[in-house]
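here are the coordinates; sequence isn't available:
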């Protein structure tokens, strides 16, 4: 069964790993947010694709959910000595990825090709596609001014108050190579429990992807990233609150109503299932907390068992 | 006393360090070969300026004479996994330099400015100027085809037979910022015992530098890198032989005759002093072998004691 998974970084990668372990990985195509991409020290960093690849390759740092395990920071020490910005701390092994990607891009490769190269090198068996090969930087208007998502997220630790989000260039961006075909060809399309605003939001902001999902809405199952109105990790709840969204699985359902017909919500939110239903989304109550690998696999299996 | 030193990498840096330790470093301006510069994995690597800076900063690997001491190679391991060329092995700490330089260049800085930034960051007190801010790659015609100097030097370990050397772009290249002023303003101009063909050759290939040296020939002292017809380290002797030069201090003197009035030759070559003199170069016999720091300081002092 061909499955397409829309995902961002740490949160979504947990479910992606669940699917990777309980299905044939070669049936999976992951479509990943690249709105977080940033150029640091002249190097093209693609945080979400890298997090996903490292996770599936069993190479990710289990403490943080991003970067390599047993990482060193020798280059970062040198860069600091040269007076370079240090808020986006890059590990040595991770830097190899960024150097490789940047060199490929300079030589004329697409972002898709660079991601595929890392995927193959690390032995990942699924296809991982960027949402777009075009730059679509996520820019935030905050009470401390306009800033790039990474600036807000890493340097400012999500402290500024959010006023609005823009996906720059999204209106002109084309979907990444193979993205539309992967969605059209999938029997099941999963929206992973990533941040709806800044991880899934950029993917949906690409008109052709959104339209394709709308057309295939019946086969789309989203997983709410909020449990009891809270995000497990990351600032989904804070950001949704600041932008005036209902901080609950209902708020998430409202954001996804156009593109998904089914939503998995946690038992903690079972009482909200009627509000989800009112949005013409079928709620399916399943445990969504993913702490162990078994949790991730269990949730993936639960989703596979949902009759579309 | 203002001193200008023309130098390449490992060999010349030994004498440069000698001067750095026996004079006021702020009186020294080093003019460095950048014909070896190469773009590896999209990063601008300037081997000779870096070797010189790391040497003067007492940070160089004493075993090799290049790279940082106590270096690690984590990024290189990653790059290898991604299938990238590995013959030019870059250390982690060293990579910080290349990333910093490349990022500065992308942001519009000149090569001079990038070198100055590394110089200041590592606490080096002398001025270090690239021979040019323009690219002047050293290209070699060999019996195995045309190749970049680094390709010949590192990947092919100087094995191919040399047919000719070209300094591409040298005819149009302008001297680096401050180079001409440093030569004009120096009371003493030293040509360090670097490879005359590929370390000093590129510097002399820049017409304005060559002309300035010719005009100031009386104040130029060159140090022969050959002792008893052999280079201590590096391929000067092999390269000179293959190109049909006399592999001796006399051959070196012939290469420098236009630009220097004095040449330091080793006691091992004392019997050739008349042949040097015949080229209108005054030979000065002094021990030129530099194994210890004391040797380097002694040679620097010996040069300072020569009456111009």
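Happy to help now that I have it. Keep in mind it's a predicted model, so treat the numbers as computed, not measured.

so how far is the lengthiest helix in chain A from its chain's centroid?
Scanning chain A for the longest helix, with DSSP state H as the assignment, gives helix A:92-106. With C-alpha atoms, centre = their mean, to the nearest Å as the basis, helix A:92-106 stands 20 Å off its chain's centre.

who's in contact with residue A:245?
Contact analysis of residue A:245 by C-beta atoms under 8 Å, 6 or more residues apart in numbering or on different chains lists A:197, A:251, A:254, A:255. Using the backbone N, CA and C atoms, a C-beta is placed for each residue, glycine as well.

Can you lay out those as JSON lines showing distance to residue B:223?
Output for the contacts of residue A:245, formatted as JSON lines (distance: C-beta to C-beta, whole Å):
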{"residue": "A:197", "distance to residue B:223": "66"}
{"residue": "A:251", "distance to residue B:223": "76"}
{"residue": "A:254", "distance to residue B:223": "78"}
{"residue": "A:255", "distance to residue B:223": "73"}
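
if we can go back for a sec, tell me which residues of the longest helix of chain A come out buried.
Neighbour counts over helix A:92-106 (16 or more other C-beta atoms under 10 Å in any protein chain shown) mark A:92-105 as buried.

just the angle between it and helix B:92-106, please?
With axes from the mean of the first three to the mean of the last three C-alpha atoms, to 10 degrees applied, the angle from helix A:92-106 to helix B:92-106 works out at 40 degrees.

quick one: the strands in the stretch 101-250 of chain A?
For the stretch 101-250 of chain A, the strands defined by DSSP state E, counting those that start in this stretch occupy A:127-130, A:138-142, A:145-148, A:162-167, A:188-191, A:220-223, A:226-227, A:230-231.

Tell me which of those sits nearest to chain B.
For chain B, the closest of those is strand A:127-130, at 15.1 Å, according to C-beta to the nearest C-beta.

So which residues of chain A form helices?
A:10-22, A:47-56, A:74-81, A:92-106, A:111-121, A:149-150, A:179-185, A:201-204, A:207-215, A:236-242, A:249-256, A:273-277, A:293-304.

Pick the most deeply packed of the strands of the stretch 101-250 of chain A.
Across the strands of the stretch 101-250 of chain A, averaging neighbours per residue (mean count of other C-beta atoms under 10 Å in any protein chain shown) puts strand A:188-191 on top, at a mean of 26.

In the stretch 101-250 of chain A, what residue comes closest to chain B?
Counting by C-beta to the nearest C-beta, the stretch 101-250 of chain A gets nearest to chain B through residue A:103 (3.8 Å).

Would you agree that residue is in contact with residue B:42?
Yes: using C-beta atoms under 8 Å, residue A:103 is in contact with residue B:42, at 3.8 Å.

Can you name the residues that contact whichever residue of the stretch 201-308 of chain A sits closest to chain B?
Closest residue of the stretch 201-308 of chain A to chain B, C-beta to the nearest C-beta: residue A:293 (24.4 Å). By C-beta under 8 Å, 6+ apart, the contact set of residue A:293 is A:17, A:18, A:21.

mind giving me the domain split of chain A?
Per automatic domain parsing, the domain ranges recorded for chain A read A:3-135+A:169-304, A:138-164.

Tell me which of those domains is the most buried.
Of all those, domain A:3-135+A:169-304 has the most neighbours on average by mean count of other C-beta under 10 Å, namely a mean of 20.

So what would you say the end-to-end distance of that one is?
End-to-end span of domain A:3-135+A:169-304 (C-alpha to C-alpha, to the nearest Å): 10 Å.

One more: stretch A:28-42?
Using C-alpha to C-alpha, the end-to-end distance of stretch A:28-42 comes to 32 Å.

now that stretch: how far from the chain's centre is it?
Taking C-alpha atoms, centre = their mean, one finds the center of stretch A:28-42 at 9 Å from the center of the full chain.

measure stretch A:191-209 end to end?
Start-to-end span of stretch A:191-209 (C-alpha to C-alpha) is 13 Å.

model confidence over that stretch, on average?
For stretch A:191-209, mean pLDDT rounds to 98.

Ok, stretch A:145-165 next?
94.

Spell out which parts of chain A neighbour chain B.
Residues of chain A lying close to chain B by C-beta under 8 Å from any C-beta of the partner chain are A:41-43, A:72, A:74-79, A:81-84, A:92-97, A:99-100, A:102-103, A:106, A:117-118, A:121-122.

so how far is residue A:146 from the closest residue to residue A:231 other than its chain neighbours?
Nearest non-adjacent residue to residue A:231, counting by C-beta to C-beta, 6 or more residues apart in numbering or on different chains: residue A:237, 4.6 Å away. With distances taken as C-beta to C-beta, to the nearest Å, residue A:237 is found 23 Å from residue A:146.

Residue A:158: which of the helices of chain A is closest?
Comparing the helices of chain A by their distance to residue A:158 (C-beta to C-beta), the top pick is helix A:236-242, with 6.3 Å.

Now do the closest one: which elements does it pack against?
strand A:162-167, strand A:230-231 (3 or more C-beta pairs under 8 Å, 6 or more residues apart in numbering or on different chains; DSSP states H and E).

List the strands paired with the longest one, with their directions.
So that's strand A:162-167. Take DSSP bridges as the rule and strand A:162-167 pairs in its sheet with strand A:138-142 (antiparallel).

what residues are up against the residue nearest to the spatial centre of chain A?
In chain A, the C-alpha nearest the mean C-alpha coordinate belongs to residue A:8, at 0.4 Å (C-alpha atoms, centre = their mean). Residue A:8 makes contacts with A:32, A:33, A:36, A:48, A:192, A:194, A:195, A:198, A:199, A:200, as judged by C-beta under 8 Å, 6+ apart.

What residue, apart from its backbone neighbours, is nearest it spatially?
Leaving aside its sequence neighbours, residue A:8 sits nearest to residue A:199 (C-beta to C-beta, 6+ apart; 2.4 Å).

Now distance to residue A:177 too, for the strands of the stretch 101-250 of chain A, in a markdown table please.
A markdown table is the format used below for those (distance: least, C-beta to C-beta, whole Å):
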| stretch | distance to residue A:177 |
| --- | --- |
| strand A:127-130 | 7 |
| strand A:138-142 | 21 |
| strand A:145-148 | 25 |
| strand A:162-167 | 19 |
| strand A:188-191 | 18 |
| strand A:220-223 | 21 |
| strand A:226-227 | 32 |
| strand A:230-231 | 32 |
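
And the ones you listed: which comes nearest residue A:263?
For residue A:263, the closest of these is strand A:220-223, at 4.8 Å, according to C-beta to C-beta.

List of residues touching that closest one?
Contacts with strand A:220-223, where a contact means C-beta under 8 Å, 6+ apart, come from A:15, A:188-193, A:213, A:252-253, A:256, A:259-264, A:284, A:288, A:299, A:303, A:306, A:308.

rewinding a little: and the residue nearest to residue A:231, what's its pLDDT?
Reported pLDDT for residue A:237: 95.
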